[in-house]
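Visitor: quick one, fold the following:
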Amino acid sequence: MTGLLQAEWLRFIRNPVNLWVIAAFFILLAGSALWSGLAASEFRANASCGPEFIRAAAKDANTLQDAGKLTPTEMHDAPATGKGGDMAKPADSTTVCLPALGGLALNVRQMDLLGSELRLSTRSRYTDGRNSDQLFNPLLRELGLLDFASVLALLLPLTVIALTYGLVQEDRERGVWRLVCAQMPQPWLLVFAALVVRLGMILVSALVASSLAFMLDSGSTLYAATHWLVFVGVFAGVWIMVSGLFLLLPVSSGAAAVGLLGVWLVTTFAVPAGLSWAANDMQTMPSRLTAIVDIRRVQAQTAKQQAELLSAWYQMHPDIKSLKEPPREIAGLPANLELDSKVRPLMYRFDEVRKAHFEFMERWSALSPALAAVLTADRLAGIDAPRYAEYIQAANQFEDRWRAFFVPGIMGKQGMSPPDYEQLPVVKALPRADMVWTVILRQSLNGILLLLVLIALRKQFGKP
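Guide: Residues are numbered from 1 along each chain as shown. I've put the predicted structure just below:
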């Protein structure tokens, strides 16, 4: 077998077309890795928090202590003056963010698009216009540079097809395969050796480019890099097996190329679209227009009930003396809290449905290696829908505790001393990705199944 590998290696490198294909694949992949790694480092440098779920409480400790010198009404309405000219925000507010994991370089553009930072305060972040995100052109977002995981998922199968299609069919068309079968008792060994050589070249290019992306990302981890490199090996192996099975077909080399491209198109585009449709049919995404109408209706109701809600709040807190003529900020605070308690479930439905869709597509990702690559990248980058839903839930719980800390002082016009801010609520870090190995296992089973079929049918290669 070693002699066959050496012979196939010489045959591979002496064909300039193979070298051009590998060179183009590596240059494109390395360019994407370079951009993704540097973009991930830049994103981490500009992020307001690191590996923890929240650093805002500790980061704003000095600002909050200074806020203790203000009256409660001023503290509620005055902008905080953060270090370095940070964006103004109320002194009773804080910022939480979804920390990126070690695989951010795989999907950095999606992390930027997701909007991982939330500003929490006594106001509703769903209806307060001052919390609006940056404006951007959705079309430019869609047509921008692809992330590294997407580039690899698209280019690696095409490279496999370009290097392997028609290995047997071309020799049959030229009459060379008859000589091979006459001289070798087991012609399939030659085919397997050719596939191994091509798998090795593709893997070297993909693994080097992937390593470059992780090396340039300042926050990458060995945990994420190991998972991704293992997945890349499985991903390449699956496509090599698919190509090997097409070598068994009694068709021309052109027909084999068309067939492989058809499989690539179906598994890369049609299957994910079908799974997305099935997931939405199983649990339909709520209407955004309906949600906006419901929010406006709740806003109108709470605005009408502002006086009743204010009186009810003081009745529920008899230890806080009610104000005869409360300022506008204090008079509307219970209504804001009531509004948020009703709007939150409406908005969280979207996160729950996205989580269900993601988990459904992850269960069926064995049908599409490209989909499995993107989902794996989302998990390793920390932007998968289940983790984001956990983040929103944890942010809501933290916001409740944050409000419980500030609202009584604001409603009672009670000043807060600097030592009080040492009792600021904190939250724990979110869990890491847990389902990555499951996706890798499903793809590995795909590859093993295809390999067993190829081994079972190996004698078909002996037909001239």
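Visitor: just say helix, strand or coil for the spatially most central residue of the chain.
Guide: Centroid-nearest residue in the chain: residue 378, 2.7 Å away (criterion: Cα atoms, centre = their mean). Assigned state for residue 378: helix (three-state reduction, DSSP: H, G, I helix; E, B strand; the rest coil).
Visitor: and it, how far from residue 25?
Guide: To residue 25, residue 378 is 24 Å away according to Cβ to Cβ, to the nearest Å. From N, CA and C alone the C-beta is placed, and that goes for glycine too.
Visitor: what's the mean pLDDT across the helix or strand hosting residue 292?
Guide: For residue 292, the host element (DSSP states H and E) is helix 288-304. Helix 288-304 carries an average pLDDT of 89.
Visitor: what is the following helix or strand past it packed up against?
Guide: Per DSSP H and E, the first helix or strand lying C-terminal to helix 288-304 is helix 306-316. Where contact means 3 or more Cβ pairs under 8 Å, 6 or more residues apart in numbering; DSSP states H and E, helix 306-316 is packed against helix 328-331, helix 333-363.
Visitor: rounded mean pLDDT for the longest one, please.
Guide: Per-residue confidence for helix 333-363 averages out to 90 on the pLDDT scale.
Visitor: hmm, residue 161 is touching residue 264, no?
Guide: Yes: Residue 161 is within contact range of residue 264, at 6.6 Å (criterion: Cβ atoms under 8 Å).
Visitor: so for those two, which residue has more residues nearby?
Guide: The neighbour comparison of residue 161 against residue 264 (other Cβ atoms under 10 Å) goes to residue 161, with 22 against 19.
Visitor: packing partners of whichever strand or helix holds the more buried one?
Guide: Using DSSP H and E, residue 161 sits within helix 148-164. Here helix 148-164 touches helix 16-46, helix 188-216, helix 222-246, helix 253-265, helix 369-381, going by 3+ Cβ pairs under 8 Å, 6+ apart.
Visitor: of those helices, flag the one that's most buried.
Guide: helix 369-381 (a mean of 26; mean count of other Cβ atoms under 10 Å).
Visitor: what mean pLDDT would you report for that one?
Guide: In this model, helix 369-381 has an average pLDDT of 92.
Visitor: that helix vs helix 148-164, what angle?
Guide: 150 degrees (axes from the mean of the first three to the mean of the last three Cα atoms, to 10 degrees).
Visitor: ok so, going back, in terms of secondary structure, what does the helix holding residue 292 contact?
Guide: Using 3+ Cβ pairs under 8 Å, 6+ apart: helix 288-304 touches helix 333-363.
Visitor: packing partners of the helix it packs on?
Guide: Judged by 3+ Cβ pairs under 8 Å, 6+ apart, helix 333-363 is in contact with helix 271-282, helix 288-304, helix 306-316, helix 369-381, helix 385-411.
Visitor: can I get the ones you listed in a markdown table including distance to residue 242?
Guide: A markdown table is the format used below for those (distance: least, Cβ to Cβ, whole Å):
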| stretch | distance to residue 242 |
| --- | --- |
| helix 271-282 | 14 |
| helix 288-304 | 39 |
| helix 306-316 | 63 |
| helix 369-381 | 9 |
| helix 385-411 | 29 |
